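Peer 1: Sequence plus predicted model, see below.
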Amino acid sequence: MSQPMPASPIGVFDSGVGGLSVLLELRRELPHENFIYVADTGNAPYGERGDDFVQQRTLAIARYLQDAHHIKALVVACNTATTAAVSELRSAFPDLPVIGVEPALKPAAASSQTHRVGVMATRGTVQSARFEQLRLAFSDGTEFRPQACDGLVRAIERGVEEDPAHATAPAEIRALCARYTAAMGSFGQRTGDIDTLVLGCTHYVFIKDELRELLGPDVHIIDTGAPVARQTRRILVQRDTLADESDAAHAGQVRLYTTGRLTALQAAGQRWLQLAPEQCATLPA
Ligand code: DGL
């Protein structure tokens, strides 16, 4: 393998389009970097597939990004894949800097005034040993209410395909959000209320408006895109592989690949990142 250079791209992947919420923050933080994004939509949702499957897919995608694109760092823009596979990934690719995404329990515990925090994530994330460790680490004085949101990733992926203009959220998404937020308890600022909601799945960032409408303006909704982007910058600086702004090769180019339907990825890339359809291509699942 050739040595990664500052001009090499950064690999980013998710089970689908959710990781585009992280890519959005990465581009804001690192506008001169080139990115290769893989949406494994042909195999989504990961959260309902089990650890062995998610590990196998994560390693295969990392191998592809390293062999075909010579990436200098990998951002696992998926909470479920981070929980299930980040240790295996680091062992299999010891020279590749890997940045994972985990539910932001620490900042939520620090900012909650009612000391009650809701966490929406996939079943895989909520039931993992890694999540339990995280919860125990920050539960001193804070009660977390984790909620496995079965079906929500699938509904968001379907929404992208069926409603490219995103004029209205599909009724299915609104119904699932209503059911899962109600299951966590009452939201608000009074004693006993949940005043902070952690989005522990990168897909859910794209339904923040629907959640905000249900929960009202005062509930603090936290996601991890921006901190992950800042952490990626720190790692590139440490490794001396940050893109050189004066070099034309560092033009901030982006290529998106999907193992699912190309038109769905094109719609998502256009809607959320203003990317041209030609920047998208398919990969075998
Ligand atoms: N965006 C992924 C995450 O952050 C969704 C996983 C799934 O496909 O269930 O967990």
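Peer 2: Received, thanks.
Peer 1: mind listing the strands for the stretch 1-150 of the chain?
Peer 2: 10-14, 35-39, 73-76, 98-99, 116-121, 143-148 (DSSP state E, counting those that start in this stretch).
Peer 1: Note down every partner strand of the fourth one and its orientation.
Peer 2: Based on DSSP bridges, the pairing partners of strand 98-99 within the sheet are strand 73-76 (parallel).
Peer 1: who's in contact with the strand it pairs with?
Peer 2: 4, 10-13, 19, 22, 26, 58, 62, 65, 82, 85-86, 89, 93, 96-101, 228, 232, 235-236, 239, 241 (C-beta atoms under 8 Å, 6 or more residues apart in numbering). C-beta coordinates here come from the backbone N, C-alpha and C atoms, glycine included.
Peer 1: about what we covered before: Arg212 is nearest to which of the strands of the stretch 1-150 of the chain?
Peer 2: Closest approach to Arg212 among the strands of the stretch 1-150 of the chain is made by strand 116-121 (13.1 Å; C-beta to C-beta).
Peer 1: So what touches the closest one?
Peer 2: 47, 79-80, 103, 105, 108-109, 126, 131, 142-149, 152, 180-181, 184-185, 187, 192-201, 204.
Peer 1: out of those, who's near the ligand?
Peer 2: Restricting the contacts of strand 116-121 to those near the ligand by C-beta under 6 Å from any ligand atom leaves 47, 79-80, 201.
Peer 1: so Pro107 sits right up against His220, yeah?
Peer 2: No. Pro107 is beyond contact range of His220, at 9.5 Å (criterion: C-beta atoms under 8 Å).
Peer 1: wait, Arg49 sits on Thr122?
Peer 2: No. Counting by C-beta under 8 Å, Arg49 stays clear of Thr122, with 9.7 Å between them.
Peer 1: Which one of the two is surrounded by more residues?
Peer 2: Thr122 (28 against 19; other C-beta atoms under 10 Å).
Peer 1: residue contacts, the more buried one?
Peer 2: By C-beta under 8 Å, 6+ apart, the neighbours of Thr122 are 45-48, 79-80, 148-149, 153, 200-201.
Peer 1: now those as CSV including neighbour count?
Peer 2: As requested, the contacts of Thr122 are exported to CSV (neighbours: other C-beta atoms under 10 Å):
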residue, neighbour count
Pro45, 25
Tyr46, 29
Gly47, 30
Glu48, 16
Asn79, 32
Thr80, 33
Ala148, 19
Cys149, 25
Val153, 26
Gly200, 31
Cys201, 31
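Peer 1: Hmm, which of those residues is lowest in pLDDT?
Peer 2: Ranked by pLDDT, these bottom out at Glu48 (87).
Peer 1: so who does it touch?
Peer 2: 122-124, 150.
Peer 1: try 10 Å this time
Peer 2: Neighbouring residues of Glu48 by C-beta atoms under 10 Å, 6 or more residues apart in numbering: 80, 122-124, 148, 150-151, 153-154.
Peer 1: Likewise for Tyr64?
Peer 2: Contacts for Tyr64 were tallied using C-beta under 10 Å, 6+ apart; they are 11, 13, 36, 38, 71, 257, 283-284.
Peer 1: rewinding a little: which of the contacts of strand 73-76 are close to the ligand?
Peer 2: Counting by C-beta under 6 Å from any ligand atom, no member of the contacts of strand 73-76 is near the ligand.
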